[in-house]
Structures are given as structure tokens and as C-alpha cells.
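In: sequence plus the predicted model coming up.
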Amino acid sequence: MSFVRDAFPPSPPSHVPLSRITSAQDDPEDSDDEQSGPSTSQRHDRSPSPPPLPRSDPLVHPPAPPYDDDDAEDADSEPFDVCARRLATDPSLLYPARNVQSSEGLGYPPSSASVCSTATNTPLPSRASSPLPFYYSGASSCSSDSESEPESPLLGRAQRQRQPPWREREREGRRWWALPFGANNTEVWRRRRRWRDVIWGLRSCKRVLRRLVRHPLFPKTPVTILLTLLFLTIFGVSLTFLLIYILNPDKDPLPWRGYCTLPQYSSGPPSLSLSPTALLQTPLPTNVTAPVFPPSDLDALAPAGVFIGVFSMDTAVERRMLVRSTWANHVRSREGAGGGDGGLGTSRTVVRFILGQPRKDWERRVKLEMETYNDMVILPVQENMNSGKTHTFFTWAANASWVPPLYQSNFTRMPGDFSYSNATHPAPVLASHDPVWAHRDQHAHDPPQPWVRPDFVVKADDDSFVMLAELEARLRVELYKDPLPPPPPVSDRKTQSSQQSSLWPREGEETAILDFNQIASYFDFALPSYSTRTSSAPSAPDPATPVEPPSRDPLVFWGYLVKNRFMAGELYALSFALVDWVAQDPLVKTMTRGAEDKQTSKWIRAHPRADEVRWSSERCWIYDHPRAGTVYSHGFLFPSEVQRVQEGVVRDLERLAQQLAKESASTTALAVPAGQNVIAPEKWSHSTVSKFGSRYSPPSSDLTLEYSVEALIEGSDMSMVHDDGSLTADLAWKYREGRQKRYAGRRVGGTIVVHFIKKNMWFLETAAALLYGEDVTSMERALEQARAGEGEGEKPFGESDTESASDSAPVSVVRDSAAAAATDFAETPNTRTMVRRRKEQGQ
């Protein structure tokens, strides 16, 4: 800053002309007249000041304001204006002229300074002159309201300039208590406060992060940073698996062997107070009769009309092709095992693919596929799973689903006079996998017979493998069952007051269906008209009006009952009366979002005649693929293995009942109360093929394609082959069961649905296990001929009319085969399977 000191000397500058700069000793009287302005004392006291004391050193008077003579003369003619700006015209002035205000009105001389100036008029300075140059500002010195607070860069920001009144009023208006709470201002205030909260949160996070980074334990070296990241990764993965385990409701495999032995649930809606895992209750049954299907009069019942909607999406082209070529069209899927029934049972069963609106990239391909196969339905809804597609499908099915009519009338029992029996529609263009009877009718008649409404509408997933003959047989039996009796009249029930005083069921009582009107009256609020429901019990009839009899339409809800709460979504069926109600009810239309299988069960519980809806569960013949590894997974089931399973479960029940009886008779143990749930034995969940929670691995590493498919069948010898050589794969294949023996000589009675087929390879494995295979194996044929005796021409069971190579073989060859079989039995280690085979051979 030396150049500043050189440019501006430390002596105070003067604002007077250069010709008039004199010393105080030369003319003290003139110097008093030419002062820069009155001092502070002179502003209040106009008395003459005492003469200054003599000094030895010469003094320089304080600088005077740059008045001009002409300005002083004209001061009387101008009005008093303190802040008026005046420009000096005298070029001889040392510094530019400042604002000159007239002070004549206050009694000051024309040469006095501005009233806002704080310069003193005393000739004796109170302190030494500043070494800094004189500060000049172009702004008026009257900008401040206070005369005692000078502004200078030397003071810094210590003394802040006071804001003008309009600025203060604007700041006051922005405060929250002064905001006018209008529509727009409230939104602005909320937006500002939201941003203020966000900024405050970011600042708080920044402070916390800064403190965390500055903590002495925070990793700073590369080694500690890597170890910390590794620890956090392990912790995150462990926490994720822990949450998955906690939130997963399926932690233990299900006792599927007990499901195949104990009677299935077939009654009204299951009670909500029933335990999700309830299977056995005290007292345990000791005389259990295992269910057997089909009934003896199945073929005397007219086939049921079944419309199956397979939920798919635009990209699942390959899966749709697999369905078309396997279970939707295969003869063993439509006719059953053995010789079948010629497709008469499934003559009224139709399969269609249900899609939402395809995406733009797939729209053309989907249209071409529709024109090629004639088996696709595009719903007016975006593709989704749990956002209303199921309800849209049932709404469409209530108006546009049709199935072929009955092509024969020589049945003992025919469908009743249902409300939808008279509705007809012209026969549509057939798909390649439609019933063979429909194709024959189209070729024989022009036009073909009109189609009618289905008795059941089935929703199925495309990862399910469905045996059509098995499904139709189960639904046919449900169609001709007697309807459930209506609930007792209101007079036999509890009074309204007792019902309102006890909304929760007591111990031992079954939970009733919620009555919306009852709940509304209890809590004293009104419900909208669409959510009110009248009681299912008929009120007292008016003698003047005829009483309309209740509808005889079947009310059936069929599927796999999960945890005694809802039907599983892989496949469930609704009778057409329920479908029509679901499509029209306004309350159901508000319950379309959520898990679709759970929502459908809620719809059925909200039916006006919910007590009369039959919930028919099938938990034995619906399961997951053996490779899935879920709680619903086990090997492919056939009736022969289920029969052996039932025998074992009955024995376990007898032992368990005896054990509970001993515990009840003991003096140290308390008696087991009736109705208490009993945990099923762990062995009831055992599978020879799959294991819950682990990936499937074949029993041997060198199995061929046919051997590997045989190893997926529950209870087969191939599923128990081991690498140690106790049971070889070749021997297990030789003594496998044929389809005729696995179905116990019946047409139906086996697997209905295999679910959770997530890979196409699994799909083909299921088709090979359920649709292909020999009806009678060569070893079974040889053993039957050996039992029949030499020289007898009668054919063994299950032999087809086509002559085989073994039939034309000499009797000695057959006897050698039987002897070889006996030798294999004798040389094979005493495994459980071989012991079972010996028993069967002895019979």
C-alpha cells in the first residue's frame, strides 16, 4: 500500500482554493471565518468560542467544505434542502465538490458544512491525523437516519445500515403468522416449508456425516476400508436372508400324505377362527376310510361344461405352444388312462388363453397368433397379475364364455333346469385342441349345434400342467352333489341384541360371515348402498305376493385350500352362478386389487348366500413340480403309490391314537381336551424324490433320459437308486410299474394339476411322466403269462388287441423270463421296495 501513502499525504486534505490556504499564525481571524463547518457545540450554542491557546508548532485548520462564492450568494433564494446535490464549477478546487446544503434556515453561515457532517470546528485536533487518505463517497451523507453513526470502510460490518420502512414491512409480511391463508398462499407456504424441511434434513445429514468421518474409528486406510465393506456386505446379506425367513409363512413341508388319506374339506366357507395348519383334532379318528376316486357311477353322469382360461402374456409364446401340444390336446389328458372314454368326458371342455392388451412391439405377433390358432382372448385391460385382470376375466366369461352342448343323452343324470341352461350362441371357429366331438359335429352338421353356457369357469396359470380328464371328472361330481342346506331361519338364531353384544366368537363357536348392516348399526355409521347386504335367511313372506323359490344353480368353489383361508391361484373353478354374480356385484368391483387368489376368496365370502357356497378342496392331487423345492413339492403321484401311502397313514393314526389315550389315562398328565389340534407326524411330509429347501439332485449321476424321468415319480424304485450299488438303475427300470397298474385299472383318479413349472424343461418332464409310458411293461406281461399257466390263450390284464412280440414268443421263453425275475428278487438286497415286490408276487 506504499503507493497509496505516496499519492495521499498524511495531512488532512483541504477543500478550499489553493490560493486561500494559509497558516493559522498568519491570520487567525480569517481562519475562523473559513472553517469547514460549525462544530457540535456551535450547533447548539451560538456564543463566540474562546480564543485558541497559543502553540509553538504551526497548525493546519480542518478542511472546509468546498463552497463557492456564487453558491453562498444564492443560498437565500433557494429552499432548504439538506440532501441536495451541487456541483462545483471552480476548477481550482483541490477535491471535487460535495453536496452542498443550504443551512441558512438554521442560522448557520453560508460556508458551514452539511448538518449531517460530524466534523468538528475546533482548531485543536483531539487526536493525531490518520495516516490513511481522506475517504470520499459519492453517496449523500444523509442516507442514514442517525447523525451519530458514521459510515466508513474502517468500521467494517459492525454497524449495519438500517433498512428502509418498506423493506421492514415486506419482511414482516413474509412471516408465517402474517401470511394470508388463501388457496394459493397456503400452497406457497407449504412449498416453502417443505423445501425448508428438505434443506434442514440435508444439512443435518451433512453434519452427521462430517462427525462420522471425523470419528477416530472411521476407516481411513485402504485395508480398513476393504474390511469394512466386506463386513457390511456380509451383514446385509445375512439380514436379507433373515427377513426372508421371518416373512416367509412356509417354513416346514406340508403333510401331503395326510392330505391324501384324510377326507378333504367340502362344506361352507371355512371358519376364520380355524387354525391355518389344522389337520388333526382330538379325539383322533381310528376308523378312517381313505377316499377313493372315482365313484362307481361317474360314467352315468352327464359331462360338465368346463371353460378353462389359461392366464398368459404376450411374450409367453413358447409356453402357449407347449400347452397346445401337450395337455390341451393329448389323448391321455382328454380321455384318461387305459382305453379312455373316447373323449366323451371332456367333450364339453374348452381351453382358451387369456391375455391383457399386448405391447406395441408384440401387437402384430399376437394378432397373427390369434388368427392362426383361434384360442386367444384379449381383455380390455393392461397386462397385470394382481390389478384387476382376474375380475375382468370373470366379467368377460359371464357374457362371452361358451362350451359345446351335450352330444349324447343316454346318461342316468342330466344337468338340472339351471337359469343359464337356455342361453345359446352359434358355434365359433374351432381351435385345433378343441374336443374331437365338436370337430365331428362341425363336419356332420351345417350349421353345427349352438354352444351353451359352461357349468364351471376355471382360472389357471400357464405354469400349471392340467390333466383335463381328471379335472372334468372332479367338477362333474361336484356339479351333481346335493346343494348345501340353507342356514336356519332367524327365529332359531340368537337375537339381534346378543349378536351385537358379541362380535367375536366364543370358544368352540364358528365365526359367522360378517354382516355389513350389523357392523354399521353397532358402530353407528351409515354404509353406501352398494356395500349393504341383506341377510341370507328368508324373511317372512307376504301372503299377497307369491314366494319365488331359491335358484337351483350350483354354488361351488373348487381348488386347493391354502391354510384353510383361500383357494390357491394356480387353478380354481367357480360355478357359473358365482361367475355371473362376481361380474355384476358393485362391491366386488371395489375389491379387484391385491393378491388375486385371496381377493377371489373374499368375493365368495361376501356372497349374499355365502353359507350355501360349497368350498371343495383337493390337496392331494394338486402339487408343485418335484424340482421346485417348495412346501407343496413332491414326486409325480399315481393312484398305486397313494394307496400305499394311505395304508401307512392309517397305521400311524392308530398308533397316535393309542399314544394319546395312554397320556390321557396317566395320572401325571392332563387329559387332552376335545377339539385340540394335533401336530401331524413328520414322516407324513417325506418324499422319495424331493426335499424341502434344497435343490433336486438325481439319485444317480449316470441316468439316461428315460431313467431320469422315472426317478421323478413318487415311490418308484428309480427314485431310490443309490450310487453304492444296493439297487441299480437297470434293475429298477426292469421292475417299474406300467400305467395300467399305476392307475389301478381305472380311467381317472390321479394327478390333476402340477404347478410351479418355471422352466420349459420341467414342462416336458411333466408331460413325459404323466402322458407317456407303456400301459403294461414287458416284465409285467411276462409275470402275468406265467401265472396264467402254460397253454392258456387268455390274455393278461391290460393287454391291447395289438399282438406284441412277447405274445408270439414260445412258452419256454415266458417261463425263463419269470424264472429270471424270481432270481433277481432273490439276489437283490432286502430293500423296502423289493420286499413290497415280493408281497405283490406272492399274492
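Out: Sure, I can see it. Residues are numbered from 1 along each chain as shown.
In: mind listing what's buried in the strand or helix carrying residue 643?
Out: Element membership of residue 643, judged by DSSP states H and E, is helix 639-665. For helix 639-665, the buried set under the neighbour-count rule, 16 or more other Cβ atoms under 10 Å, comprises 639, 641-642, 645-646, 649-650, 652-653, 656-657, 660. From N, CA and C alone the C-beta is placed, and that goes for glycine too.
In: ok, those vs residue 713, which is closest?
Out: In terms of Cβ to Cβ, no member of those lies closer to residue 713 than residue 641, at 7.8 Å.
In: gap between that closest one and residue 620?
Out: 11 Å (Cβ to Cβ, to the nearest Å).
In: quick one: list the elements packing against the helix holding residue 643.
Out: helix 256-261, helix 739-742 (3 or more Cβ pairs under 8 Å, 6 or more residues apart in numbering; DSSP states H and E).
In: list the contacts of the shortest one.
Out: Residues outside helix 739-742 that contact it (Cβ atoms under 8 Å, 6 or more residues apart in numbering): 337-338, 638-641, 750, 773-776, 780, 797-798.
In: give me the buried subset of these.
Out: Judged by neighbour count, with 16+ other Cβ under 10 Å as the criterion, the buried members of the contacts of helix 739-742 are 337-338, 638-639, 641, 750, 773, 775-776, 780, 798.
In: can you add secondary structure and give those residues back as TSV?
Out: Formatted as TSV, the buried ones among the contacts of helix 739-742 follow (DSSP: H, G, I helix; E, B strand; the rest coil):
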residue	secondary structure
337	coil
338	coil
638	coil
639	helix
641	helix
750	coil
773	coil
775	coil
776	coil
780	helix
798	coil
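In: nearest to residue 744 among those?
Out: For residue 744, the closest of those turns out to be residue 639, at 4.9 Å, with distances computed as Cβ to Cβ.
In: that closest one against residue 748, yeah?
Out: No - in this structure residue 639 lies outside contact range of residue 748 using Cβ atoms under 8 Å: 9.2 Å.
In: now do the shared contacts for these two.
Out: With Cβ under 8 Å, 6+ apart as the test, residue 639 and residue 748 reach no residue in common.
In: the stretch 701-843 of the chain: helices as residue ranges?
Out: In chain order, the stretch 701-843 of the chain shows helices spanning 705-710, 729-734, 739-742, 760-771, 778-788, 811-827, 832-842, with DSSP state H, counting those that start in this stretch as the criterion.
In: so who does residue 748 touch?
Out: 293-294, 298, 336-337, 469-470, 473.
In: one more time with 7 Å, if that's ok
Out: Listed by Cβ atoms under 7 Å, 6 or more residues apart in numbering, the contact partners of residue 748 are 294, 336, 469-470, 473.
In: contacts only, for residue 736.
Out: Contacts were defined as Cβ under 7 Å, 6+ apart; by that measure residue 736 touches 710, 716-718, 777.
In: what number of residues lie near residue 230?
Out: Other residues lying near residue 230 total 10 when counted by other Cβ atoms under 10 Å.
In: do residue 739 as well
Out: Around residue 739 sit 20 other residues, with neighbours defined as other Cβ under 10 Å.
In: tell me the pLDDT of it.
Out: Confidence at residue 739, expressed as pLDDT, is 95.
In: so what's it closest to, chain neighbours aside?
Out: Nearest residue to residue 739 in three dimensions, chain neighbours excluded: residue 775, at 4.8 Å (Cβ to Cβ, 6 or more residues apart in numbering).
In: just list the residues touching that neighbour, thanks.
Out: Taking Cβ under 7 Å, 6+ apart as the criterion, residue 775 is in contact with 338, 738-740, 798.
In: thinking again about what came up before, partners of the helix or strand that the helix holding residue 643 is followed by in the sheet?
Out: Going down the chain from helix 639-665, the next helix or strand is strand 677-678, by DSSP H and E. Partner strands and pairing direction for strand 677-678 (DSSP bridges) are strand 280-281 (antiparallel).
In: quick one on the thing from earlier: return the item of the buried residues of helix 639-665 having minimum pLDDT.
Out: Taking pLDDT as the measure, these have their low point at residue 660 (80).
In: my guess is it contacts residue 286. True?
Out: No - with contacts counted by Cβ atoms under 7 Å, residue 660 stays clear of residue 286, the gap being 10.7 Å.
In: for the stretch 551-700 of the chain, give me the ranges with low pLDDT.
Out: Under the criterion of pLDDT under 70, the regions of the stretch 551-700 of the chain flagged as low confidence span 667-675.
In: all helices of it, in order?
Out: 576-584, 596-605, 639-665.
In: residue 243: which of these is closest?
Out: When the helices of the stretch 551-700 of the chain are compared by Cβ to Cβ, helix 596-605 sits nearest residue 243, at 21.7 Å.
In: buried residues in that closest one, which are they?
Out: Going by neighbour count (16+ other Cβ under 10 Å), the buried part of helix 596-605 is 596-597, 599-601, 603-605.
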